[in-house]
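> need a 3D model of the following:
(3 chains)
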Amino acid sequence: MPVSAETKYGPSVTTNTVEFPYRRSLGPVVGGFVAALARGQITGVRSTGVRGGGRVLCPPLEYDPDTGAATDGELVDVGPEGTVRSWTWVAAPDARHPLDRPFAFALIQLDGADTAMVHAVDAGGEDALRAGLRVTARFRAQPKGRTDDLAYFVPEGTETTDPDVVDAAAAAAGAAAAGVSTEPVQTMEFWSSLTYKEAVSPATARYARSMLAGTLLGQKCPTCAKVFVPPRDFCSIDGIRLDEGHDLALPDRGVITNFTIVTPVPYPGQKETEPFVRVSVLLDDVEALMGLQPVVDIPNEEVRVGMRVEAVWLPESERNAEEFGNRGWGSTTGAISGWRATGEPDLPVERYIDRVF
Amino acid sequence: MSADEPGAPGKTFGEPVAIVGYAVSPMSEFAEQTEVQLCLDVVTAALASSGLGRKEIDFTCSGSSDYLSGGTFTFVANLDAVGAWPPIRESHVEMDGAWALHEAWVRLLIGEERTALVFGSGKASTGELSRVLTLQTDPYYLAPLGTDPLSLAALQARALLEAGKATERDLAAVAARARRAAATNPLAVPAVAAAGAAAVGDLDAEIDALLAAEYVRSPLRAHDTPPVTDGACAVVLATATVARRLAAEQGITPVWITGLEHFVEPHQPGMRDLTDSVSTRRAGEAAGLADGGPVEVAELSALHSHEEIILRGALGLPDTCEVNPSGGALAANPTMATGLVRVVEAARAIRERGARRTLAHATSGPCLQQNLVCVLDEASTEEAR
Amino acid sequence: MSGEPCAIIGVGQTHHKSKRLDVSLAGLLREAASRALTDAGLDWPDIDAVVLGTAPDAFEGVMMPELYLADALGAAGKPIMRVHTAGSVGGSTGIVAAHLIHARRHRRVLAVAFEKQSEGNAQWGLAGGKSGGMGAGGIFAPWIRSYIRRSGAPEHIGWQVAVKDRLNALKNPYAHLKIADISVEKVRESFMLWDPLHFLESCPSSDGACAVVLTDEAGGRDAAARGNPPAWVAATAMRSEPTSFPGRDPVRPQAGVDCAHDLYRAAGITNPLAEIDVAELYVPFSWYEPMWLEGHDITGPGDGWKLVESGETEIGGSFPVNPSGGVLSSNPIGASGMLRFAEAALQVRGRAGEHQVDGARTALGHAYGGGAQYFAMWIVRSTLG
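This is a model prediction of the structure:
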């Protein structure tokens, strides 16, 4: 994980960016709404049922929001003009917003619709906004098959200078010329990127410091006498706080108690391409176990329960405190490259195979 | 095993349920403790205040959100705060802890279990809260537009102003009172408490000063919006049999839950009346708000100033009712625990300040989409009869 | 179980597939929910409350999706709860819904669970977006090796379960995987995904949803009178334990043992192997069938694999397990637990179609999650009391 270190002897804040291109399947109603946008047409859907029946919902839904009853599924044209019912001004837009210049978010009731939709209004300045303002839609000049092909609204009568958008008539003409499909659009990508930051806990900071100095560190609960690696500053069995006084230096030799060989599957961010081994190592002398550890210089097919191993420490100059985060329990990455066979005789399988924690 | 183990004799259906213990963590804009540690401390303190031991708890339920903490299954780690060994009867809602309270309360009503531990936690500072909460909105029409929670709240505030149900001055008055309350609440976010303590002169002058500030999303100004907050909160529940024993043996003052209901509204902000909170009104009615004496204290999860005005109206609170003496969510808004903190504040008003009847409110979703009302009383419904 | 009796009168599920590109999230859930309502002879307005379950929100990229989905599930003006207890969530969701009936909070509750894995990538989600993710199988594989060693089970047991469940899936119109030419050889020859687990010993990634309609005693009797046989909830249980601590036994987790014994005690079952007619166990990797047979004390230690080897867990055997094809054939993660609970209900209602177990009167629905640390189970019966 990308981490920023703030001090030499251990990071104080870690940051982590989580990104993914979600693929949304749209279904017939949203998909139909998107398809119509390419023709410069905004659509709603007619509600059915006892309560609220007959009203036109925009944005169109598969169901009546008040009753859950299925809408009739027939998309009907609304807009492209409408009326602002409420608004707010976004003076400093950020990357997720539809416009990179100040704009309004507004509740817009399109002509022919009985409900309002949330959308953006490019109005130049906040002074132009008021409830009751008449607005009209602008469409993406080169539609991408997304809900945001409806780019934004402008006050009626506004000349558009933005070359990326067109009005409804131009969009319709362009679509007719290009022979745009009327079939509902099936999927749309939604890019999600979030950055998280968290203070490194004192327990993690001590673990990182110890690892940089070449010593594995655990913590022993005075109540149950169990040893946790790395220190957590609490005991998950007894539900009590622990502290630095319970820390315990641990040996860096042990026995493989179990393992798996993972055949990696591709996903965004995945760098592994070949099957890789992860082992559990029960340390010598103390009842402490390191899970999900990589091995060094042991072919996958030779990894076995009972094998004696020792830690392979990275050269001090290559150790990296930034690898140690609050949730990387048992992670040795950043100080230990993995575990290699010592060549000593194996220990009996039956005594160790159950020790995976 | 607990003496109050399920299956033990004398289990009865529908016994009244009381809050017998609670604890709230310090509230900060960036907690250095992990979420597990925040939970561990409030769980320990709440149990201590209830007179019950960890192993005397029959059921545990918590509320938290993966998306706040930026992982998958992050609530699993919070189990460590409970010391879930030997294994416990336990559940989790991806909702504010107030809904965890609801789940636990329902279980206690059945009568198989007699005690419950409830907690809610959130470190809203971990992610970029505004971006994270944008992902709560409709994934087709809203989230791709970047409909951040502040913008949606501002649309609701504007709708309220346009309807003539409030003025910008009314909003500032809510904020001014919240800041003053925060100044005397040791559990308020320090920056808000400091702002409240710094306020000098009369309320009108302070409101004038607040109205001079720039909008962050018109018509909302910074003081109309909640602080990003890290915090946790825990509550211990017991059925009447246990609560009365604790009262007799340990001097615990039980605070009785006499009503607890919640309702949701349509998601799209343009498909409901933003100037009202129908679900809050109905939750209040269903929780028996009208059936007892006057509510003396109401703790409302009004994340923005105008929401307090909407909620007050929906609940029909009398002028004599003290609203958000803690400063409310404008003083501290630990997302996923804010509603449960309201329950604790409402319980404290009874247990520590001698109020007879109080109310707590929790909310979820854009523009007050989902609302819960909890009515608390110094006497159980049985005693009241 | 004390309190109001609870009856399942409607069950619905989607056609599970790796990619349901033909539906929106709302459409996927409504497909299952509408079928459950139709089965129950009810319509959206007849429902009093909704409970939604799903696994991590990051799998679909929608935070707290109960907000966006509330009106899609006809929940506007009603309470909606959102449960998240890791992989056991589908089961927990059913239990939370049942408790709303037991506690007489509501008369008709709709419980829905889903996952739309094709929107995102579960392996990515589980790895927190980082490289080198273990996947769920990577975590469970060492424990399976430990079980094999401990029990002395021959390696073909895993292959045999993989074949049995895929053959059962051929009888289930909703199942995702339909491998007509499945065989032990085919499983054995499939590539090693997580040593010692072969590809065909692992569950697929599915899009899917499941829904059940729960009602009270009067509703159950009314359904029976209309020719819709209900499944009566005889007992429910949930247990959890911490993820990792030295000496924890993940092969036979204590939470699983305790959960099963809570369940049997509440249902009055003393010999589960004899008294339960059919079980839907959460078996995402083939070896988990014998592991849960032993881990829930259905058989004695070391006897689970022998029951499998003898063919007794096939349809027509003495203890059929996963006649629906199980998680090995359909895995919409958040819904997988509810599918087990729902299939158990279908069996005792005599509505399981081609995969019906003759004369099923008592059935077990089971789910587990996290690092084999969360358990949810229920027993349903064809008769009340």
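> buried residues, the helix or strand of chain A with the lowest mean pLDDT. List them.
Least confident helix or strand, chain A: helix A:349-352 with a mean of 85, by mean pLDDT, DSSP states H and E. The neighbour-count criterion (16 or more other C-beta atoms under 10 Å in any protein chain shown) identifies A:Val349, A:Tyr352 as the buried residues of helix A:349-352. To be clear about C-beta, it is placed using only N, CA and C from the backbone, and glycine gets the same treatment.
> and it, anywhere near chain C?
Yes: contact of helix A:349-352 with chain C (C-beta under 8 Å from any C-beta of the partner chain) involves A:Val349, A:Glu350.
> who touches that helix?
Helix A:349-352 is contacted by residues A:Val255, A:Ile256, A:Thr257, A:Asn258, A:Leu282, A:Arg304, A:Val305, A:Gly306, C:Arg149 when judged by C-beta atoms under 8 Å, 6 or more residues apart in numbering or on different chains.
> which non-adjacent residue is nearest the closest residue to chain B within the stretch 151-300 of chain A?
Closest to chain B within the stretch 151-300 of chain A is A:Gly239: 2.4 Å, counting by C-beta to the nearest C-beta. Leaving out its chain neighbours, the residue that sits closest to A:Gly239 by C-beta to C-beta, 6 or more residues apart in numbering or on different chains is B:Gly83, at 2.4 Å.
> same question for A:Glu189.
A:Glu189 sits nearest to A:Pro21 (C-beta to C-beta, 6+ apart), 5.2 Å away.
> the stretch 201-350 of chain C: strands as residue ranges?
C:207-215, C:231-240, C:278-280 (DSSP state E, counting those that start in this stretch).
> closest one to A:Ser317 among the ones you listed?
Among the strands of the stretch 201-350 of chain C, the nearest to A:Ser317 by C-beta to C-beta is strand C:231-240 (44.3 Å).
> wait, does the closest one contact chain B?
Yes: counting by C-beta under 8 Å from any C-beta, chain B has neighbours in strand C:231-240: C:Ala237, C:Met238, C:Arg239, C:Ser240.
> what about that strand and chain A, touching?
No: Strand C:231-240 lies out of reach of chain A by C-beta under 8 Å from any C-beta, never closer than 11.9 Å.
> how about stretch B:236-247?
No: using C-beta under 8 Å from any C-beta, stretch B:236-247 stays clear of chain A, coming no nearer than 14.1 Å.
> let me see the mean pLDDT of that stretch.
Stretch B:236-247 shows a mean pLDDT of 97.
> same thing with stretch A:154-161?
Here the average pLDDT along stretch A:154-161 is 91.
> now it - C-alpha only, CSV.
Below are the C-alpha coordinates for stretch A:154-161, written out as CSV (Å, rounded to 0.1, in the frame of the first residue of the first chain):
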residue,chain,number,x,y,z
VAL,A,154,-28.3,26.3,-18.4
PRO,A,155,-30.7,29.1,-17.9
GLU,A,156,-33.1,29.3,-20.8
GLY,A,157,-31.8,31.6,-23.5
THR,A,158,-28.2,31.1,-22.6
GLU,A,159,-25.7,30.9,-25.5
THR,A,160,-23.5,27.9,-25.0
THR,A,161,-19.8,28.4,-25.5
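> does chain B have contacts with it?
No: using C-beta under 8 Å from any C-beta, stretch A:154-161 never reaches chain B; the gap is at least 15.9 Å.
> which residues of the stretch 151-300 of chain C lie near chain B?
So the stretch 151-300 of chain C meets chain B at C:237-243, C:245, C:253-255, C:258-259, C:262, C:265-266 (C-beta under 8 Å from any C-beta).
> which of those lies closest to A:Ala91?
Nearest member of those to A:Ala91, counting by C-beta to C-beta, is C:Thr243, at 45.5 Å.
> any stretches of chain B with poor pLDDT?
B:1-10, B:381-385 (pLDDT under 70).
> give me the residue from it nearest chain A.
B:Gly83 (2.4 Å).
> one more: chain C?
For chain C, C-beta to the nearest C-beta, closest residue to chain A: C:Gly74, 2.4 Å.
> state the pLDDT value of that residue.
So C:Gly74 comes in at 97 (pLDDT).
> and residue 144, what does it touch?
By default, I'm working from chain A. Applying C-beta under 8 Å, 6+ apart, no residues qualify as near A:Lys144.
> that answer is for a different chain, and I need it for chain C
By C-beta under 8 Å, 6+ apart, the contact list for C:Ile144 reads C:Gly158, C:Pro196, C:Leu197, C:Phe285, C:Trp287, C:Tyr288, C:Met291.
> for it, give its distance to chain B.
Going from C:Ile144 to chain B by C-beta to the nearest C-beta, to the nearest Å gives 20 Å.
> tell me which element that residue is part of?
helix C:135-151 (DSSP states H and E).
> show the pLDDT at the residue of the stretch 151-300 of chain A closest to chain B.
pLDDT, read off for A:Gly239, is 88.
> C:Glu241 now?
On the pLDDT scale, C:Glu241 gets 96.
> still on that earlier bit, mind listing what's buried in the helix or strand hosting the residue nearest to A:Glu189?
If you go by DSSP H and E, A:Pro21 is part of strand A:13-25. Buried residues in strand A:13-25, counted by 16+ other C-beta under 10 Å: A:Thr14, A:Thr15, A:Asn16, A:Val18, A:Phe20, A:Tyr22, A:Arg23, A:Arg24, A:Ser25.
> which of the residues you listed are close to chain C?
Within the buried residues of strand A:13-25, those near chain C by C-beta under 8 Å from any C-beta are A:Asn16, A:Val18, A:Phe20, A:Tyr22, A:Arg23, A:Arg24, A:Ser25.
> include distance to C:Gly316 and pLDDT when you put those residues into TSV, please.
Listed next are these as TSV, based on distance: C-beta to C-beta, whole Å; pLDDT from 0 to 100:
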residue	distance to C:Gly316	pLDDT
A:Asn16	52	86
A:Val18	48	87
A:Phe20	45	90
A:Tyr22	44	94
A:Arg23	42	95
A:Arg24	43	97
A:Ser25	39	97
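> how about the contacts made by A:Leu150?
Counting by C-beta under 8 Å, 6+ apart, A:Leu150 has contacts A:Leu37, A:Ile42, A:His119, A:Ala137, A:Phe139, A:Arg140.
> and the gap between the third one and C:His176?
According to C-beta to C-beta, to the nearest Å, A:His119 and C:His176 sit 38 Å apart.
> what's the neighbour count on residue 157?
Using chain A. 7 (other C-beta atoms under 10 Å in any protein chain shown).
> um, chain C though
C:Ile157, neighbours per other C-beta under 10 Å, totals 21.
> could you do C:Leu42 as well?
Neighbours of C:Leu42 (other C-beta under 10 Å): 19.
> right, and C:Met81 touches C:Leu52 too?
Yes: taking C-beta atoms under 8 Å as the definition, C:Met81 is a contact partner of C:Leu52 at 7.0 Å.
> and the residue nearest to B:Glu322 when sequence neighbours are not counted, its phi and psi?
In space, and not counting its chain neighbours, B:Glu322 is closest to B:Val297: 4.9 Å by C-beta to C-beta, 6+ apart. Phi and psi for B:Val297, reported as degrees, to the nearest 10, are phi -130, psi 130.
> for B:Val297, name its beta-bridge partners.
Here B:Val297 sits in beta bridges with B:Glu322, B:Thr358, going by DSSP bridges.
> for it, what are its contacts?
B:Cys321, B:Glu322, B:Val323, B:Pro325, B:Glu345, B:Ala346, B:Ala349, B:Ala355, B:Thr358, B:Leu359.
> number of residues surrounding residue 266?
All of this is about chain A. For A:Pro266, using other C-beta under 10 Å, the count is 12.
> oops, chain C please
Neighbour count of C:Ala266, defined by other C-beta under 10 Å: 19.
> is it true that it touches C:Cys259?
No: at 10.9 Å, C:Ala266 and C:Cys259 do not qualify as touching, with contact defined as C-beta under 8 Å.
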